[in-house]
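> missing the sequence, but the structure's below:
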């Protein structure tokens, strides 16, 4: 692959990262189109259903499994931060030939209502580690799908969490 090909493949991730490392989606069809484009560009996509997380332990276990965290993972946000730092450095978590990593969290509003501080902390850490990864040319993107079209999140890593371009206006999420 030439440098130009690699740059073209990374353009979609860079576009998403331009606003924030974390982007909100409501409509599954819009999310699926975005994911198809990212997959075509070589991004490694990992998908988790946050509606299945009944406890913080459920969240930690699924993310540890998806991201191939080591067995000693401590199942808390400090340990998540440490291990995600290793993912950002490609120690594990996604293939070395991938353009970048996309973590998709569906039904996140359900989990966020039950565990608001944990839900925000998880995304805040992801956003910080995504910025760290950018310094070494890596892409970590988190796409958060909500079943509630009015769902909002506080800023992560001091950056507002925007809706994706296709659903930026409230009326765009009503369909």
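It's in. Since the model is a prediction, treat every value here as computed from it, not as a measurement. Residues are numbered from 1 along each chain as shown.

> check for me that residue 141 belongs to a helix.
No: remark: residue 141 does not belong to a helix; assigned using DSSP: H, G, I helix; E, B strand; the rest coil, it is strand.

> for it, list each beta-bridge partner.
In this structure, residue 141 has the following beta-bridge partners (DSSP bridges): residue 102.

> ok, it touching residue 43?
Yes: applying Cβ atoms under 8 Å, one finds residue 141 in contact with residue 43, separated by 7.4 Å. For glycine as for every other residue, the C-beta is placed from the backbone atoms N, C-alpha and C.

> these two: which has the busier surroundings?
Here residue 141 and residue 43 are compared on neighbour count by other Cβ atoms under 10 Å; more neighbours surround residue 141, at 26 against 22.

> what lies in contact with the longest helix that the chain contains?
For the chain, the longest helix by residue count, based on DSSP state H, is helix 116-135. With Cβ atoms under 8 Å, 6 or more residues apart in numbering as the contact definition, helix 116-135 has outside contacts at 17, 20-22, 50, 56, 59, 77, 80-81, 84-85, 87-89, 103, 108, 111-112, 139-142, 144, 153-154, 156-157, 159, 161.

> pull out the buried residues from those residues.
17, 20-22, 50, 56, 59, 77, 80-81, 84, 87-88, 103, 108, 111-112, 139-142, 144, 153, 156-157, 161 (16 or more other Cβ atoms under 10 Å).

> what residues does the residue nearest the centre of the chain make contact with?
Of all residues in the chain, the one closest to the mean position by Cα atoms, centre = their mean is residue 142, 1.4 Å from it. Residue 142 makes contacts with 21-23, 102-105, 123, 126-127, 130, as judged by Cβ under 8 Å, 6+ apart.

> rerun at 7 Å
21-22, 103, 105, 123, 126 (Cβ atoms under 7 Å, 6 or more residues apart in numbering).

> now residue 111
50, 53, 59, 119.

> make it 6 Å
Neighbour list for residue 111: 50, 53, 119 [criterion: Cβ atoms under 6 Å, 6 or more residues apart in numbering].

> excluding chain neighbours, what is closest to residue 86?
Across the structure, with Cβ to Cβ, 6 or more residues apart in numbering as the measure, the residue nearest residue 86 apart from its sequence neighbours is residue 92 (6.3 Å).

> fine, thanks again, bye for now.
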